[in-house]
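*Asks:* Provided below are the primary sequence and the corresponding predicted coordinates.
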Amino acid sequence: MSKVTNKWPFLSRQGGLITVLFLLSVVLFLYTWRLGTLTTGLSQAESASRQSSSSLDNIISDPTFAPHKLVQLGFQSAGQSGAFWMRLSSVLFALALLLFFYTLLRLWFGRLVSLLGTMLLAGTPFIILSARSATPYILLLTPIALLASYVWFSKTDKKTLAWFTLMVVLGVALYTPGTIYFVLLGSLIFRKKLVHLLAPMRSWVVISLFAIPLLFMAPIVMASIENPSVVKSLMLIPSELANSTEVMKSTAWAGLSLFWMTRDSHSLVIGRLPMLNALQIVLGLFGLYAMWTRARRELYLLIGMFVLGIITAGVFNNLLYLILSLPAACILSAAGLRYLYKEWRTVFPLNPLPKALAVLLMVTVVGLHLLIGTRYSLVAWPSTLATRSTYVIK
């Protein structure tokens, strides 16, 4: 989908760096403005997250979402346990994962579409509010870091460095529930290409670097011996499964929650509004067509990620797991943007005025998406009665 590059795209050229700085400035405002004071206190889930990261023993006994917990532990060890500092952990991971998301889109679709596509994800209200929460569910975006690292590994000439990066990202990602399914699905879809990519590399390099994720797994193995429920959490296996009829209903509603409306109210949703707006849905349909015709293997992986989020949200009856589905939806939306732009350029290949008009239209539409997400998350959501009655714990 893109030419070979030897550097991460946002460091390869001065323009790419400026693009990322602009992205960071917008996202920093969305994710940090009144971070600790937008609500009067923490929710019960945020308070539980703070307690689970209050000591190293707590994290060792249950290493699920350990990277997030360790950052919160660092803040608490420094004497900072207020809402701002507990939520800042999620903001930091959100920023890092959005950079990976930008990298992936940059490798696939080019600079303009990568910026706009990243804005589509970053400006989605459910993502904004998850990133501004002290709970660790923002780490459900971790598969994006894995996919971006793999795509970079497949395109760069610096295979050893890229393989090392992929193994480190994999080791960290293993602490996020559900990651193992994404890894298995990706390995199945790209198995032949992966073998082809690894063939020129020295065997001892591949094997030695593959030991990195195994070392990262040591705390998980030790915790699982003492507490088998850790494995269930990381494998997304509920401790108690509802009857099949209820699970099917919950899963169907989880899917509808992305496009139509939620089954019930949720702490990060106003009323019963869906997670995606009309713009993302329409662009996603165009992107689905574009990737079906030109990048079918990649599409299979995105569909797997999308379905995994819906099924998990249905099995656990928890809409937070739909965070797994949102990156796939926004990648398809970005693919739709690129497809429409390319089609427009084929009609007017040489005239600069239609090109400028197309870019202006794309930027305007995504800008409106950002404005809506900002008003939803920073103005309307904290003013609802449900939010004011939920976020009360000091």
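*Replies:* Nice, I can see it. Residues are numbered from 1 along each chain as shown.
*Asks:* my read: residue 180 touches residue 235, true?
*Replies:* Yes: between residue 180 and residue 235 there is a contact at 6.6 Å, judged by CB atoms under 8 Å. For every residue, glycine as well, the C-beta is placed using N, CA and C.
*Asks:* Grab the nearest non-local neighbour of residue 178.
*Replies:* residue 236 (4.9 Å; CB to CB, 6 or more residues apart in numbering).
*Asks:* isn't residue 129 right up against residue 381?
*Replies:* Yes: with contact defined as CB under 8 Å, residue 129 counts as touching residue 381 (6.5 Å).
*Asks:* any idea how far the spatially most central residue of the chain lies from residue 221?
*Replies:* What sits nearest the mean C-alpha location of the chain, by CA atoms, centre = their mean, is residue 141, with 2.4 Å. Look at residue 141 and residue 221: by CB to CB, to the nearest Å, they are 25 Å apart.
*Asks:* try residue 358
*Replies:* 53 Å.
*Asks:* With residue 35 instead?
*Replies:* 36 Å.
*Asks:* more neighbours, these two?
*Replies:* residue 35 (18 against 12; other CB atoms under 10 Å).
*Asks:* contacting residues around that one?
*Replies:* Going by CB atoms under 8 Å, 6 or more residues apart in numbering, residue 35 touches 83, 84, 87, 88, 91, 132.
*Asks:* Distance check, the residue nearest to the fifth one when sequence neighbours are not counted against residue 377.
*Replies:* Read it as residue 91. Take residue 91 and drop its neighbours on the chain: the residue closest to it by CB to CB, 6+ apart is residue 31, 4.8 Å away. Residue 31 sits at a distance of 9 Å from residue 377 (criterion: CB to CB).
*Asks:* what touches both of the two?
*Replies:* 128, 132.
*Asks:* follow-up on the earlier one: what residues do residue 129 and residue 381 have in common as contacts?
*Replies:* With CB under 8 Å, 6+ apart, residue 129 and residue 381 have common neighbours residue 268.
*Asks:* These two: who's more crowded?
*Replies:* Legend: neighbour count by other CB under 10 Å for residue 129 and residue 381, higher for residue 129 (24 against 21).
*Asks:* where does that one land on pLDDT?
*Replies:* Looking at residue 129, its pLDDT reads 97.
*Asks:* show me the contacts for it.
*Replies:* 268, 377, 381.
*Asks:* just the residues you listed now: which is nearest residue 252?
*Replies:* Closest approach to residue 252 among these (CB to CB): residue 268, at 20.5 Å.
*Asks:* And the strands in the stretch 251-394 of the chain?
*Replies:* With DSSP state E, counting those that start in this stretch, there are no strands along the stretch 251-394 of the chain.
*Asks:* which residues in it form helices?
*Replies:* 278-294, 296-316, 326-347, 352-375, 385-390 (DSSP state H, counting those that start in this stretch).
*Asks:* I'd like to know which of those helices is closest to residue 118.
*Replies:* That would be helix 326-347 among the helices of the stretch 251-394 of the chain, by CB to CB, at 8.1 Å.
*Asks:* Against which helices or strands is that closest one packed?
*Replies:* helix 83-109, helix 111-122, helix 278-294, helix 296-316, helix 352-375 (3 or more CB pairs under 8 Å, 6 or more residues apart in numbering; DSSP states H and E).
*Asks:* which of the residues in it are buried?
*Replies:* 326-341, 344 (16 or more other CB atoms under 10 Å).
*Asks:* If I take it and helix 296-316, what angle do their directions form?
*Replies:* Here helix 326-347 points in a direction 150 degrees away from that of helix 296-316 (axes from the mean of the first three to the mean of the last three CA atoms, to 10 degrees).
*Asks:* pLDDT (mean, whole number) over helix 326-347?
*Replies:* For helix 326-347, the per-residue pLDDT averages 92.
*Asks:* Tell me what angle that helix forms with helix 83-109.
*Replies:* Using the same axes, to 10 degrees: helix 326-347 against helix 83-109 is 40 degrees.
*Asks:* I'd like the distance from the host helix or strand of residue 161 to the chain centre, please.
*Replies:* Assigned by DSSP states H and E, residue 161 belongs to helix 159-173. Taking CA atoms, centre = their mean, to the nearest Å, the mean C-alpha location of helix 159-173 is offset from the chain mean by 18 Å.
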